[in-house]
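In: sequence first, then the predicted structure:
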Amino acid sequence: MVAKILDGKQIAKEYRQGLKDQVEELNKQGFTPKLSVILVGNDDASQSYVKSKKKAAEEIGMISEIIHLDESTTEKEVLNELGRLNNDDSVSGILVQVPLPKQVSEQKVLEAINPDKDVDGFHPTNIGKLCIHEQTFIPCTPLGIMEILKHSDIDLEGKNAVVIGRSHIVGQPVSKLLLQANCTVTILHSRTKNMSEYLKNADIIVSAVGKPGLVTKDVVKEGAVVIDVGNTPDENGKLKGDVDYDEVKNVAGAITPVPGGVGPLTITMVLNNALLAEKMRRGIK
Ligand code: GUN
């Protein structure tokens, strides 16, 4: 079997057109969503991510700003900046790029974001709402994964989904979304014994670890849907997923490439959530 390639770039393009139309509608009502991104320090990958988010926001007609703070910025200074954005009525959505320098507590910063402007969905209030299925900001990569599955008409009802990785950004929230979609969900992590025992029964595999070559052909069931969230740069700066793509595509039923799979959807869902934030505060459905 040769897998169907789940083209994240194309799915994102179509989705962003829909968002652009909605931004135009809001403009007619006198509102323009604004996304403010705080970046602390000079991590190359983070700088590249935030630039992509700003560019994508502007392409659909949103206003976007990057607040770039020095590597030596104190926690108090970051919290002050957040306080300013929380109270700035022109700002619809706020995102603080992680990781943060070691003198700044990620947890404190994420908890200081106004939950109504929390486009990442990392605030405990929004995580709690996700757990009880209340309307909320859902973390962007998990939301993007669900959009890929939906767009590709992949039936999730009663399927065995195996998620590799238990991070707050991807593994745990995507597990909750798959559970809400009526999958039977297993989460594997660094202490799991015999990963292949679980993987060989998986109808859907989501790998979000950051270990190139982790998911090989021999552990994937014929016809499984394989979603690769890994994006680790190799020695030439080329992004590598967790999945051995060239081999696994010959057994999987469907597979996301890296790059061009999940990544474009993550950025799209940042825009989706910024638009949602603007609509929520204006009381627009
Ligand atoms: N760093 C890596 N992924 C993410 C993300 O989705 N949001 C933020 N804020 N930082 C990240």
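Out: Cool, got the structure.
In: what does the protein put close to the ligand?
Out: Residues of the chain that fall close to the ligand, judged by Cβ under 6 Å from any ligand atom: 95-98, 120, 140-141, 169. The way it works is simple: take the backbone N, C-alpha and C, and place the C-beta from them, glycine included.
In: output those residues in TSV; the columns should cover neighbour count and distance to A254.
Out: Formatted as TSV, the residues of the chain next to the ligand follow (neighbours: other Cβ atoms under 10 Å; distance: Cβ to Cβ, whole Å):
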residue	neighbour count	distance to A254
L95	25	30
V96	24	34
Q97	20	31
V98	16	30
D120	23	27
C140	26	21
T141	25	18
I169	19	23
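In: need the residues you listed in CSV with pLDDT, can you?
Out: Output for the residues of the chain next to the ligand, formatted as CSV (pLDDT from 0 to 100):
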residue, pLDDT
L95, 98
V96, 98
Q97, 97
V98, 95
D120, 98
C140, 98
T141, 98
I169, 96
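In: just the ones of those in helices?
Out: Per DSSP state H, helices hold the following members of those: 140-141.
In: keep only those of the residues of the chain next to the ligand that are in strands.
Out: 95-96 (DSSP state E).
In: relative to V229, which of the residues of the chain next to the ligand is nearest.
Out: Nearest to V229 out of the residues of the chain next to the ligand is T141 (Cβ to Cβ; 6.3 Å).
In: that older thread, CSV for the residues of the chain next to the ligand, including distance to I204?
Out: Below are the residues of the chain next to the ligand laid out as CSV (distance: Cβ to Cβ, whole Å):
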residue, distance to I204
L95, 28
V96, 31
Q97, 29
V98, 27
D120, 24
C140, 19
T141, 15
I169, 19
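In: which pair of the residues of the chain next to the ligand spans the longest distance?
Out: V96 and T141 (15.8 Å).
In: hang on, Q22 packs against L275?
Out: Yes: in this structure, Q22 is within contact of L275 by Cβ atoms under 8 Å, at 5.9 Å.
In: neighbour count for these two, which is higher?
Out: Legend: neighbour count by other Cβ atoms under 10 Å for Q22 and L275, higher for L275 (25 against 20).
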